[in-house]
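S.K.: Need coordinates for the following:
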Amino acid sequence: MTDILIIEDDEELRGLLLDFMMAEGLCALGAGTAEEGMRILEKEPVGLLLLDVMLPGIDGFAACGDIRKKRDLPIILMSARGDEESKLTGFRLGADDYIDKPVSAPVLTAKVKALLHRSGKQTGQKMTCGSIVIDTEKQQVYRDGKLCEIRGKLYELLWYMMENKGRLLTKEELYDAVWGDAFVEQATLNVHIRWLRERLEEDPANPVLIRTVWRKGFLFGEEI
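M.R.: Have a look, this model is predicted:
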């Protein structure tokens with residue numbers, strides 16, 4: 001199964017994104033037009049679609065609407081058209097996310113992995129960081145071999161942070177990745193971080209696994 005199909009007419013950008021996704025362990029295919037991409041979808045099981053809006057021939061909006069009628073897979077639109085109306089159009093047509101160009105490859109890859117994970121389209125695996133182990137197939141978390149009570153949004157938050165360990169994660173990125181467009185109180189993220197620390201840290205008051213970077217966000221992973 002192909003994890004991600006990238007439909008982008010800019011050959012250089014398409015190549016860069018393909019290289020980055022594959023370097024992150026994802027199976028990726030590329031297409032230069034919507035027509036070519038839809039032919040691939042007819043033949044190849046695909047976990048997620050990354051679709052440029054401004055394409056020659058059938059544009060990304062039309063392709064998104066057509067594909068959404070036939071297939072249940074996550075779709076991320078990307079475009080230099082970052083105005084509100086364009087984004088609303090994309091979401092009305094069934095897109096799961098809308099990314100402004102120029103894109104950040106690390107952030108885009110993190111979003112792709114999160115969507116694949118939530119949709120169950122990515123092959124099960126185990127993720128580890130020190131004594132913490134996530135069985136992604138069973139969606140269970142272990143600390144020192146013992147099962148932890150980490151489920152729902154708490155599990156999604158831990159999975160995302162662990163997938164991006166060692167990288168500064170802003171509060172905005174974590175909100176977007178875990179809660180998406182859902183309305184949540186400003187304190188929601190901090191509460192979930194506190195709950196994770198209570199379950200995973202030796203001393204939650206002095207965390208070494210989930211560290212706060214003042215006024216910037218959080219870092220996951222023990223200091224070396």
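
S.K.: Can you show me the strands along this structure?
M.R.: 2-7, 28-31, 46-52, 75-79, 97-100, 126-129, 132-135, 140-143, 146-148, 169-170, 210-213, 217-220 (DSSP state E).

S.K.: Could you dump these into a markdown table and include distance to P204 and mean pLDDT?
M.R.: Quick note: C-beta positions are derived from backbone N, CA and C, even for glycine. Formatted as a markdown table, the strands of the chain follow (distance: least, C-beta to C-beta, whole Å; pLDDT from 0 to 100):
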| stretch | distance to P204 | mean pLDDT |
| --- | --- | --- |
| strand 2-7 | 35 | 91 |
| strand 28-31 | 39 | 94 |
| strand 46-52 | 35 | 93 |
| strand 75-79 | 35 | 94 |
| strand 97-100 | 33 | 90 |
| strand 126-129 | 17 | 80 |
| strand 132-135 | 14 | 87 |
| strand 140-143 | 13 | 90 |
| strand 146-148 | 13 | 92 |
| strand 169-170 | 19 | 92 |
| strand 210-213 | 9 | 94 |
| strand 217-220 | 14 | 93 |
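
S.K.: For the ones you listed, give me a markdown table that also has mean neighbour count and distance to E185.
M.R.: As requested, the strands of the chain are exported to a markdown table (neighbours: other C-beta atoms under 10 Å; distance: least, C-beta to C-beta, whole Å):
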| stretch | mean neighbour count | distance to E185 |
| --- | --- | --- |
| strand 2-7 | 23 | 33 |
| strand 28-31 | 20 | 37 |
| strand 46-52 | 25 | 30 |
| strand 75-79 | 24 | 27 |
| strand 97-100 | 19 | 22 |
| strand 126-129 | 13 | 28 |
| strand 132-135 | 19 | 26 |
| strand 140-143 | 18 | 24 |
| strand 146-148 | 13 | 25 |
| strand 169-170 | 18 | 18 |
| strand 210-213 | 15 | 19 |
| strand 217-220 | 20 | 18 |
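
S.K.: Can you tell me which of the ones you listed is nearest to T109?
M.R.: strand 2-7 (9.3 Å; C-beta to C-beta).

S.K.: Enumerate every residue touching D59.
M.R.: A34, V53 (C-beta atoms under 8 Å, 6 or more residues apart in numbering).

S.K.: any idea how far V53 is from it?
M.R.: 6 Å (C-beta to C-beta, to the nearest Å).
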